[in-house]
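Undergrad: sequence and predicted structure below; questions after.
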Amino acid sequence: PESASHPAPLSSRPSGRMPGTDIRDAALTDLEGLVALETRTFASDRLSRRSLRRLVGSPSARLRVAGSRERLAGYYLGFFRKGASVARLYSIAVAEASRGTGLGRRLLADAEAVAIRAGQRLLRLEVREENLSAIRLYEGRGYRRIGRYPRYYADGVDALRYEKALPAAQAPRRSSGSPG
């Protein structure tokens, strides 16, 4: 059900770049693909199958995926708590075969749109300091670095913390003229 913490999904239109990469809410039928993508993408700090199952349909989280149920191309996990002004992008992953296609940028834009519709004013995230391609993506989309967390990840790598101010959701415009 739609709520401020779980707004209606974005309309899913093909990008023209990659067939089958519409972004949609994850379903339990995506669980195998999510686990496989998590395993292939992250060497440590992985989300467990149990956590992923719990997050599908959670009222305070959005787990959105791109690709078919048989072969997910990417996903993101964001936390959008009702009444909070700050949303958190917890994780974003793009399959190796889909890197360089703009899918990471599309997933990030989708997370921002969901946060805006949920009434959040800021989107925050952490990124491994060695993940230069992700840092370029975030900085290119207007994120600014606000901190560093030493030894944040399980393997001892530091995290850089970023945030982006989001515009207020736009109310639908009403026609003020007389019919004519």
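TA: All right, it came through fine.
Undergrad: now do the strands in the protein.
TA: 23-25, 61-67, 72-79, 86-94, 122-128, 144-149, 159-165 (DSSP state E).
Undergrad: so which bits of the longest one are buried?
TA: So the one you mean is strand 86-94. Ala87, Arg88, Leu89, Tyr90, Ser91, Ile92, Ala93, Val94 (16 or more other C-beta atoms under 10 Å). To be clear about C-beta, it is placed using only N, CA and C from the backbone, and glycine gets the same treatment.
Undergrad: residue closest to the middle of the chain?
TA: In the chain, the residue lying closest to the centroid (C-alpha atoms, centre = their mean) is Tyr76, at 3.6 Å.
Undergrad: hang on, that one packs against Ala111?
TA: Yes: between Tyr76 and Ala111 there is a contact under C-beta atoms under 8 Å: 5.3 Å.
Undergrad: who touches both of the two?
TA: Shared contacts of Tyr76 and Ala111, defined by C-beta atoms under 8 Å, 6 or more residues apart in numbering, are found at Arg62, Arg64, Leu89, Ile92.
Undergrad: got a pLDDT number for the last one?
TA: Going back to what we said before, that points to Ile92. According to the prediction, Ile92 has pLDDT 96.
Undergrad: what does the third one give?
TA: The predicted local distance difference test score for Leu89 is 97.
Undergrad: check contacts around it.
TA: Contacts of Leu89 by C-beta under 8 Å, 6+ apart are Tyr76, Leu77, Gly78, Leu108, Ala111, Leu123, Arg124, Leu125.
Undergrad: how does it look with 10 Å?
TA: Shown in contact with Leu89 (C-beta atoms under 10 Å, 6 or more residues apart in numbering): 62, 76-80, 107-108, 111-112, 115, 123-127, 138, 143, 162-164.
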